[in-house]
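Engineer: here you go, sequence then predicted model.
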Amino acid sequence: MIEAETITTVMRALADPTRRAVFERIANSDEITVVELTRGSNVTQGAISQHLKSLKQAGLVCERPEGRNVYYRAQPGGLAPLADWMSHYGVFWRERFADLRNLLKEIDP
């Protein structure tokens, strides 16, 4: 089973709509700077930096400093804990839906 703390960190990081939008922009780019992230949003550079800090702590993004710029990119395995957790419960729901399907067939053949 996946560590609960890791899943909680990832879920908390993605629970905030602004942070999730920042993550989506990073995931859709090869690399992107804070300036570019700020330019495309109604959020201050300081707020973007705080969101990036949370995303980094959750293992969702990594950074590459180059001169005065820092480039961010999505961390390939960052969503793995969440995907594994959802997969575990997906089995649970698939079994329940199969049971429901069978029950409905019995009720209305």
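Structural biologist: Received it, and whenever you're ready, just let me know what you need.
Engineer: okay, CA-based contacts and neighbour counts for the rest of this
Structural biologist: Fine.
Engineer: can you give me the buried ones in the helix or strand of the chain with the lowest mean pLDDT?
Structural biologist: Comparing every helix and strand of the chain by mean pLDDT, DSSP states H and E singles out helix 80-107 as the least confident one, with a mean of 84. By neighbour count, with 16 or more other CA atoms under 10 Å as the criterion, the buried positions of helix 80-107 are P81, L82.
Engineer: for that helix, packing partners?
Structural biologist: Of the remaining helices and strands, those touching helix 80-107 by 3 or more CA pairs under 8 Å, 6 or more residues apart in numbering; DSSP states H and E are helix 4-15.
Engineer: could you give me the average pLDDT of the helix it packs on?
Structural biologist: With pLDDT averaged residue by residue, helix 4-15 scores 90.
Engineer: what's the next secondary structure element after that helix?
Structural biologist: Sequence order places helix 17-27 as the next helix or strand after helix 4-15, per DSSP states H and E.
Engineer: contacts for that next one next, please.
Structural biologist: Counting by CA atoms under 8 Å, 6 or more residues apart in numbering, helix 17-27 makes contact with 13-14, 32, 37, 48, 51-52, 55, 60-61, 72-74, all of which sit outside it.
Engineer: in strands, which of those fall?
Structural biologist: Here DSSP state E is the test, and the contacts of helix 17-27 give I32, V61, Y72, R73, A74 as lying in strands.
Engineer: settle this for me: the last one is touching R64, isn't it.
Structural biologist: Which is A74. No. Contact criterion CA atoms under 8 Å: A74 and R64 do not qualify, at 11.4 Å.
Engineer: which one of the two is surrounded by more residues?
Structural biologist: A direct count of neighbours by other CA atoms under 10 Å for A74 and R64 places A74 higher, at 24 against 13.
Engineer: quick check: the more buried one vs E106, distance?
Structural biologist: Look at A74 and E106: by CA to CA, to the nearest Å, they are 48 Å apart.
Engineer: what's the answer for R25, then?
Structural biologist: Between R25 and E106 the distance, using CA to CA, works out to 48 Å.
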